[in-house]
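Asker: Below are the sequence and a predicted model; questions follow.
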Amino acid sequence: MHELSLCRSLCRSLEEEVRQRGLNRVLRVELAVGSLSCVEPGALQFAFEAIGKPACLEGCTLGIHRVPGRARCRACGNCYALHDWLGDCPECGGQNRDIEGGDEVLIEQMEAC
């Protein structure tokens, strides 16, 4: 379950941010999780609740929202929603594409005091 190691990395990043900004604790963090990222939001939420967190993250809540996949067809230039890694261009049927979004896991917002 790579969500566990992802949560550990998230906690380290948040702890470092708290230290650098001279804050006391994180109250809430919002993540954007791309539908092509191979990260399961439910497993990520479970891992965040289950792992031991540093004191500055005790009581912190995690919000997760999905970001849809987006691609641009190299053959016809069409931009389209991509629901999985196997989707073809709906315009021309091409499979040669550039991923333009939906493969990320990003901290979008952090509420801290």
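Answerer: Good, I have the coordinates.
Asker: Look at Arg28 and tell me its secondary structure.
Answerer: With DSSP: H, G, I helix; E, B strand; the rest coil as the basis, Arg28 sits in strand.
Asker: cool, the one 3 residues further on as well?
Answerer: Following three-state DSSP, we place Leu31 in the strand state.
Asker: Now do the same contact list for it.
Answerer: Leu10, Leu44, Leu62, Gly63, Ile64, His65, Val105, Leu106, Ile107, Glu108 (C-beta atoms under 8 Å, 6 or more residues apart in numbering). The way it works is simple: take the backbone N, C-alpha and C, and place the C-beta from them, glycine included.
Asker: Just the buried ones from those?
Answerer: Leu10, Leu44, Leu62, Ile64, Val105 (16 or more other C-beta atoms under 10 Å).
Asker: Look up phi and psi at the closest residue to Val18 other than its chain neighbours.
Answerer: Spatial nearest neighbour of Val18, excluding adjacent residues (C-beta to C-beta, 6 or more residues apart in numbering): Cys56 at 4.7 Å. Per-residue torsions, Cys56: phi -70, psi -10 (degrees, to the nearest 10).
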